[in-house]
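# attaching a predicted model along with its sequence, questions to come.
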Protein chains: 4
Amino acid sequence: EDASEFQQQKESLTQKLQATEERNQNLEARLSALEQTVENTQLERETFRSHLRSLLELLDGKIFELSELRDTLAKLIESS
Amino acid sequence: EDASEFQQQKESLTQKLQATEERNQNLEARLSALEQTVENTQLERETFRSHLRSLLELLDGKIFELSELRDTLAKLIESS
Amino acid sequence: EDASEFQQQKESLTQKLQATEERNQNLEARLSALEQTVENTQLERETFRSHLRSLLELLDGKIFELSELRDTLAKLIESS
Amino acid sequence: EDASEFQQQKESLTQKLQATEERNQNLEARLSALEQTVENTQLERETFRSHLRSLLELLDGKIFELSELRDTLAKLIESS
């Protein structure tokens, strides 16, 4: 009788352990996937910021060229 | 002897189960924290895009006003 | 005979004088008209320059506003 | 006596004629100078308008380039 009871307890523990380990693997997979997503998002953000910085430089160039054009107009008005 | 062996196995299983459950809780906490981070990042991204859209509208306005200025200059040249 | 000759000379001189005076009046009228034209042209030029100066100020404003927009974009990129 | 009077009249007419012709030459010189001024002014105006047209084309270019930059920003925002 004792032996049978022990056997039952052991099986129950083994099942619980298996279920918990499965859940563990599942959690690890989700965590790993999410970490990959975070990393990708971070990379996309860096790429996006890099594109925005290029655009900012282009805008700087245009503002500079408009200022030159403005100076040319100013000189033209004064010389006329 | 048999009883002692069963007892040992039971203790070993219980320890493993506890360790696995602890690891489980740890993984769940990390997953939850990471999900929060992803959500926050998504919100920040939306706010950022919203600011960029406002900026785009301002830029549209400036381009439109420069075009009006250009037309005024064109008319001025033709009328002179 | 002498008297007749003198009379002829006098008439000739009087005709020349009249012709010259007429030409004089004509020249004065043309000069006056041209001076008026020059004055009008000068006024038009001043008006034109004044309009160009207004346009230059508008352009200054647009360049300033584009620079502000540029600074907003720069801050947005750095804060993200 | 008559001869002397004729002589006086003749001299008076000759002097008036000379004075009028001198004034004539003076007027013609002023008219010629003013015509030259008007012509130069017209040429300067054409040169000025030509410079303004070049400037207008440059401004067109800058507005076009700003519009392209605006489109790049719009696409960047939508793609993010």
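Now that the structure is in, tell me what you want to look at.
# which strands or helices does the helix or strand containing residue A:62 pack on?
Element membership for residue A:62 (DSSP states H and E) is helix A:2-79. Helix A:2-79 sits against helix B:2-79, helix C:2-79, helix D:2-79, with contacts defined as 3 or more C-beta pairs under 8 Å, 6 or more residues apart in numbering or on different chains; DSSP states H and E. The C-beta positions use only the backbone N, C-alpha and C, and glycine is treated the same way.
# same question for stretch A:15-30, mean pLDDT?
The average pLDDT for stretch A:15-30 rounds to 97.
# got the angle for the helix holding residue A:62 vs helix B:2-79?
Angle, helix A:2-79 to helix B:2-79, by axes from the mean of the first three to the mean of the last three C-alpha atoms, to 10 degrees: 10 degrees.
# redo the helices and strands packed on helix A:2-79 as a markdown table? Include mean neighbour count.
Formatted as a markdown table, these follow (neighbours: other C-beta atoms under 10 Å in any protein chain shown):
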| stretch | mean neighbour count |
| --- | --- |
| helix B:2-79 | 14 |
| helix C:2-79 | 14 |
| helix D:2-79 | 14 |
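# and residue A:15, which of these is closest to it?
The closest of those to residue A:15 is helix B:2-79. By C-beta to C-beta, the value is 10.2 Å.
# quick one on the thing from earlier: can I get the helices and strands packed on helix A:2-79 in CSV with distance to residue A:36?
Formatted as CSV, the helices and strands packed on helix A:2-79 follow (distance: least, C-beta to C-beta, whole Å):
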stretch, distance to residue A:36
helix B:2-79, 11
helix C:2-79, 26
helix D:2-79, 21
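# I'd like to check which residues are in contact with residue A:60.
residue C:70 (C-beta atoms under 8 Å, 6 or more residues apart in numbering or on different chains).
# an error on my part: the question was meant for residue A:62.
Residue A:62 touches C:66, D:62, D:65, D:66, D:69, counting by C-beta under 8 Å, 6+ apart.
# what about stretch A:26-38, distance to the chain center?
13 Å (C-alpha atoms, centre = their mean, to the nearest Å).
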